[in-house]
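> Predicted coordinates and the sequence they were generated for:
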Amino acid sequence: MAFIYSEPSRTFNEYLLLPGLTTKDCIPENVSLRTPLVRFKKGEESSIYLNSPMVSAIMQAVSDDGMAIALAKNGGLSFIFVSQPIDAQAEMVSKVKKYKSGFVVSDSNLTPDNTLADIIDLKSAKGHSTVAITDNGKSDGKLLGLVTSRDYRISRMSVDTKISEFMTPFEKLIYGTESTTLKEANDIIWDNKLNSLPIIDSKTGALKYFVFRKDYEQHKEHPYELLDSEKRYMVGAGINTRDYKERVPELVKAGVDVLCIDSSEGYSEWQKETLEFIHNEYNGKVKVGAGNVVDAESFKYLADAGADFIKIGIGGGSICITREQKGIGRGQASSVIEVAAARDEYFKKNGIYIPLCSDGGIVHDHHMTLALAMGADFIMLGRYFARFDESPTNKVVINGSYMKEYWGEGSSRARNWQRYDLGGKGTGMKFEEGVDSYVPYAGSLRDNMDITLAKIRSTMSNCGVLSIPEFHEKARLTIVSSTSIIEGGAHDVLLKDSNYNIK
Ligand code: IMP
């Protein structure tokens, strides 16, 4: 006879945390959200840590290079979506790895033979007043001079005047080279009262970047940024169990820091084979997460197969209709609780700690805190990030409000049949497991993440813990009744602000 669980499967909304003793040093600013990303042995350190316990979902509507840079600046990590050609995905990874905070590739470039009229046109097209003058008119040509609005007066000069006659020539320029750090560049800018500093290749004289005065303040303010040993932003990428032998080498070549098998259901021999191939091929140096699972048995299978982290969640995603379509899945809280217990058991028995990622189903910020309390080491989010400026989708006006587009990888729009693939000839999608939707536009990632992380720190402080591992050990949770949920919101008062809306 089929096995029936005695407990119903539960969602985050059905739990609350109880406070613990808050000691005087247990203030929110002392709470660390640093968390391991990949497996490690007892007494050792993980080779990758996140500074904020948030990763962005492996989805077309969420994780491209722009999102990856924005999230790494704030301590988290994106997994670039896999439902695209291999070279396109590798290119996105490469863009993140090449991105240097504060170092901007010049987008306004002309040659000395161009004219003032060309400068005026370029300025109106790009909106930038600093134009690099290079031998070939490109951003990587030999730097011959610079034109800023201080170099010409439209009212007094003919628009046919050649740039060579009024540019500031290279000999008079102050510049940096590839070894100049952002801090040094900023000092040079301030000491010399410049608006920008060109950075050139010391051997060839080719232009590489500009550092702009106005950008520095912005770049200085990322205390949690997630950097690799060469101070580049860290980035992950999704893979599938079909073309990994071709895809993984290209992603590794592009500099990817960590991989994750993207599958709606990960308890399969396909995942085991993929993990084994990658670990053998790269001697364990390329880290790869697996999933998704919702119980102890499948966790153990993937742990034994070598998964570097394991992702939890089936059917809880905001755009997900898997449970309706196929009748498979489990409430996200129950899944995290059972898998975390299995992980702790695995650690006790084998001395290997496997980080857990709770994936999908986060509606309110406090759901992330609950997931961490229940044993997750970090959270994967789709809807949350899709709402921000940095997500790759269109911002549109619907019924007078700004919205962003957000669609599931199992929707016919994404055509990611590999994510739902169970082997066989792989003939594509027969039915959808996700929807195409809008989510309310919410502004910048930074502003929103600051608030979310402040709430998590604040609750952890209430619970008397200073770190996520301590939270795992000490958190006390209770199931709430439906009537106590009503008690939890504003009730029995006439609201002055009818837009009252808790994130
Ligand atoms: P959200 O944060 O609740 O929006 O959930 C995002 C998660 O939903 C992703 O990380 C995936 O695990 C999952 N997901 C993405 N696309 C689909 C889909 O089309 N159907 C079902 N689940 C999906």
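Yep, it's here.

> Residue numbers of this protein in contact with the ligand?
57, 59, 264, 313, 317-320, 322, 359-362, 380-384, 408-411, 433-434 (C-beta under 6 Å from any ligand atom). No exception for glycine: its C-beta is placed from N, CA and C like everyone else's.

> Show me those that map onto helices.
322, 383-384 (DSSP state H).

> most neighbours, which of those residues?
For those, the largest number of neighbours (other C-beta atoms under 10 Å) sits with Tyr384, at 27 neighbours.

> Could you pull up the residues touching it?
Counting by C-beta atoms under 8 Å, 6 or more residues apart in numbering, Tyr384 touches 362, 448, 452.

> got it, and Asp257?
48, 77, 228, 234-236, 287.

> same deal with Met167?
Residues counted as contacts of Met167 (C-beta under 8 Å, 6+ apart) are 112, 133, 144-147, 151.

> So which residue is smack in the middle of this protein?
Ser78 (2.8 Å; C-alpha atoms, centre = their mean).

> Now that one. Nearest residue, chain neighbours left out?
Spatially, and ignoring its direct neighbours in sequence, Ser78 is nearest to Ala68 (3.7 Å; C-beta to C-beta, 6 or more residues apart in numbering).

> tell me what the helix or strand hosting the one you found is packed against?
Ala68 is part of helix 65-73 when elements are defined by DSSP states H and E. The helices and strands touching helix 65-73, judged by 3 or more C-beta pairs under 8 Å, 6 or more residues apart in numbering; DSSP states H and E, are strand 54-56, strand 77-80, helix 86-98, helix 445-462.

> Repeat the analysis, applying 10 Å as the threshold.
strand 54-56, strand 77-80, helix 86-98, strand 236-239, helix 383-386, helix 445-462 (3 or more C-beta pairs under 10 Å, 6 or more residues apart in numbering; DSSP states H and E).

> Direction included, what does the fourth one pair up with?
What it means is strand 236-239. strand 77-80 (parallel), strand 258-261 (parallel) (DSSP bridges).

> For the last one, list the C-alpha coordinates in CSV.
To tie it back to what came earlier, the one meant is strand 258-261. Extracted in CSV, the C-alpha atoms of strand 258-261 (Å, rounded to 0.1, in the frame of the first residue of the first chain):
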residue,chain,number,x,y,z
VAL,A,258,29.8,27.4,-9.4
LEU,A,259,27.2,25.4,-11.3
CYS,A,260,23.7,24.1,-10.5
ILE,A,261,21.7,21.4,-12.2
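
> just how off-centre is it within its chain?
In terms of C-alpha atoms, centre = their mean, to the nearest Å, the centre of strand 258-261 is found 13 Å from the chain centre.

> Tell me which of the helices and strands packed on helix 65-73 lies nearest to Leu37.
strand 77-80 (7.2 Å; C-beta to C-beta).

> quick one: that closest one to chain centroid distance?
Chain-centre distance of strand 77-80: 4 Å, with C-alpha atoms, centre = their mean.

> same question, stretch 200-208
That offset, for stretch 200-208, works out to 32 Å (C-alpha atoms, centre = their mean).

> just stretch 112-125 next, same as before
38 Å.

> Also stretch 28-36?
Distance, centroid of stretch 28-36 to centroid of chain: 18 Å (C-alpha atoms, centre = their mean).

> Could you pull up the mean pLDDT of it?
Stretch 28-36 shows a mean pLDDT of 98.

> how near is whatever residue of the chain ends up closest to the ligand to Trp417?
The chain approaches the ligand most closely through Gly434 (1.8 Å), counting by C-beta to the nearest ligand atom. Note on Gly434: its distance to Trp417, by C-beta to C-beta, to the nearest Å, is 12 Å.

> and those two? which has more neighbours close in?
Neighbour count, other C-beta under 10 Å: between Gly434 and Trp417, Gly434 has more, with 26 against 19.

> What separation do you get for the more buried one and Arg415?
Using C-beta to C-beta, we find Gly434 at a distance of 11 Å from Arg415.

> Overlap of the contact sets of those two?
Glu409 (C-beta atoms under 10 Å, 6 or more residues apart in numbering).

> Ala125 sits in which helix or strand?
Secondary structure (DSSP H and E) places Ala125 in helix 116-126.

> Who are the packing partners of that helix?
By 3+ C-beta pairs under 10 Å, 6+ apart, helix 116-126 packs against strand 109-110, strand 131-134, strand 143-147, helix 163-166.

> same thing but at 8 Å, please
Packing partners of helix 116-126 (3+ C-beta pairs under 8 Å, 6+ apart): strand 109-110, strand 131-134, helix 163-166.

> Who does the first one pair with, and is each partner parallel or antiparallel?
Under the criterion DSSP bridges, strand 109-110 sits next to strand 131-134 (parallel) in its sheet.

> Dump the strand it pairs with to CSV, keeping only the CA atoms.
Taking Å, rounded to 0.1, in the frame of the first residue of the first chain, the C-alpha atoms of strand 131-134 are listed here in CSV:
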residue,chain,number,x,y,z
VAL,A,131,34.5,61.4,-25.7
ALA,A,132,37.6,59.3,-26.2
ILE,A,133,39.6,60.1,-29.3
THR,A,134,41.4,57.0,-30.5
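
> List the neighbours of it that are in contact with it.
Counting by C-beta under 8 Å, 6+ apart, 106, 108-112, 119, 122-123, 139-148, 163, 167, 198, 206-207, 210 sit against strand 131-134.

> Select only the buried ones of those residues in PyMOL?
Typed into PyMOL, the line below selects the buried ones among the contacts of strand 131-134, using 16 or more other C-beta atoms under 10 Å:
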select buried, resi 106+108+109+110+111+112+119+122+123+139+140+141+142+143+144+145+146+147+148+163+167+198+206+207+210
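
> Show me where the stretch 151-300 of the chain has its strands.
168-169, 176-177, 196-200, 207-212, 236-239, 258-261, 288-293 (DSSP state E, counting those that start in this stretch).

> Tell me how far the second one lies from the chain's centre.
Right, strand 176-177. 31 Å.

> Neighbouring strands - and their directions - for it?
Here, using DSSP bridges, strand 176-177 pairs with strand 196-200 (parallel).

> now what about the partner strand, what contacts it?
103, 106, 130, 132, 143, 146, 148, 173-178, 180, 185, 188-189, 206-213.

> tell me the mean pLDDT over that strand?
Strand 196-200 shows a mean pLDDT of 94.

> And for stretch 68-82?
97.

> Check the separation of the first and last residues in that stretch.
14 Å (C-alpha to C-alpha, to the nearest Å).

> which residues of the stretch 401-503 of the chain fall in helices?
445-462, 468-474, 482-488 (DSSP state H, counting those that start in this stretch).

> can you redo the ones you listed as a markdown table with mean neighbour count and distance to Pro8?
Output for these, formatted as a markdown table (neighbours: other C-beta atoms under 10 Å; distance: least, C-beta to C-beta, whole Å):
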| stretch | mean neighbour count | distance to Pro8 |
| --- | --- | --- |
| helix 445-462 | 19 | 25 |
| helix 468-474 | 18 | 24 |
| helix 482-488 | 10 | 13 |
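
> That concludes my questions; thank you for your assistance.
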